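J.: quick one, fold the following:
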Amino acid sequence: MILADKIIDLRKKNGWSQEELAEKLDVSRQSISKWEGAQAIPDMRRIVQMSELFGVSTDYLLKEKLESSELSSDEEAAETCARIVGLEEANTILQIKESNAGRVALGVMLCILSPVPLILLGGMWDMGMLALAENQVAGIGAAVLIAMIGCAVALFVTCSLRAKPYEFLEQAPVETLYGVDGMVRERQEKFRPIYTRQLTVGIVLCVVAVAPLFLSLIVSGEESFLHILSVAALLALVAVGVLLIVRVSILNGAFQMLLESGDYTRAAKLDRAKHGYIGGIYWGLVTAGYLAWSFATDGWDRTWIVWPVAGVAFGAVYGIIRALQRKE
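T.: A predicted model of the protein is given here:
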């Protein structure tokens, strides 16, 4: 293992980004990038600094070959359980994540839009615009809703099966072979402007989604079909905004998984392994509550509020449960 690979290895084991390591060594991020890309070699003073920072000997950093006796027990355990990712596999992972990102985002969009036909048909029936019985209108709307959710579930399942061989990226330590780190960082840098732009547009759309509802209240003082259309427009804007947010978030997450940065450092993976069950239980209860409330009240034009509220509340719930577990 050459020095460049050892710096990458030790940095990742400590859960540091290149920026964080650069700050600790009082150098630029570009210097760290060049060292890890074997484009430059740190001077002896930096070698000594790194040996103290990482808790290894200078011999370990400078020797081409590493004897197992030179590893501490923790380092040896991490080295043993780490998954090796080569350049070809990294490219495959990024291709699958890019394909899945669009499909998952579309599935989420379908879920958000699924009540729209029911809302529109119900509004048209209330206004006497449909020559159908109430149960027929409700049946058609419910059938379309279930069909859209069924399509979304199919997308989620197929994406999950395609990504299953690479679940280790979210759970196990990752060791990238020479060249992988540089390739992923280069693609991440190219993607960064797209990520920033689409994330911003998605958030703005979700925020301004209530505008059609307020406009309908201004234009028409009493309840009318315009109000029904404004609710449908609200859900449509939220759906498009969430589609953009989900898509770029999945793509950005793929880069972070391979680089073990952001939400996928080794410390974060360990924490997720301990507390990952919280998310499954929480969102299962939220989904059950949303469906029960919606079907019981037939208030699909109002019950969508469950999702943004639940999303904001999840961080607080997760933090409280973790704090209680630490005290125990």
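J.: got the residue ranges for the strands in the stretch 151-300 of the chain?
T.: Using DSSP state E, counting those that start in this stretch, the strands of the stretch 151-300 of the chain run over 174-176.
J.: pLDDT weak spots in the stretch 151-300 of the chain?
T.: Low-confidence segments of the stretch 151-300 of the chain, defined by pLDDT under 70, are located at 221-223, 271-280, 300.
J.: run the last query once more with 80
T.: The stretch 151-300 of the chain contains residues with pLDDT under 80 at 171-172, 175-179, 217-225, 266-284, 291, 294-295, 298-300.
J.: all helices for it, in order.
T.: According to DSSP state H, counting those that start in this stretch, the stretch 151-300 of the chain carries its helices in the segments 180-208, 211-219, 225-259, 266-275, 277-297, 300-303.
J.: out of those helices, flag the one nearest residue 2.
T.: Closest to residue 2 of the helices of the stretch 151-300 of the chain is helix 180-208 (C-beta to C-beta; 12.9 Å). C-beta coordinates here come from the backbone N, C-alpha and C atoms, glycine included.
J.: before we move on, back to that, could the helices of the stretch 151-300 of the chain be laid out in TSV, adding mean neighbour count and distance to residue 101?
T.: Below are the helices of the stretch 151-300 of the chain laid out as TSV (neighbours: other C-beta atoms under 10 Å; distance: least, C-beta to C-beta, whole Å):
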stretch	mean neighbour count	distance to residue 101
helix 180-208	16	11
helix 211-219	14	28
helix 225-259	20	4
helix 266-275	14	20
helix 277-297	13	19
helix 300-303	19	28
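J.: which among these is found nearest to residue 97?
T.: Using C-beta to C-beta, the nearest of those to residue 97 is helix 225-259, at 3.7 Å.
J.: re the thing from before, okay, the helices of the stretch 151-300 of the chain in a markdown table with distance to residue 137 next?
T.: A markdown table is the format used below for those (distance: least, C-beta to C-beta, whole Å):
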| stretch | distance to residue 137 |
| --- | --- |
| helix 180-208 | 30 |
| helix 211-219 | 22 |
| helix 225-259 | 13 |
| helix 266-275 | 45 |
| helix 277-297 | 15 |
| helix 300-303 | 13 |
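J.: which among these is found nearest to residue 127?
T.: helix 225-259 (5.1 Å).
J.: closest to residue 124 out of the helices of the stretch 151-300 of the chain?
T.: helix 225-259 (7.1 Å).
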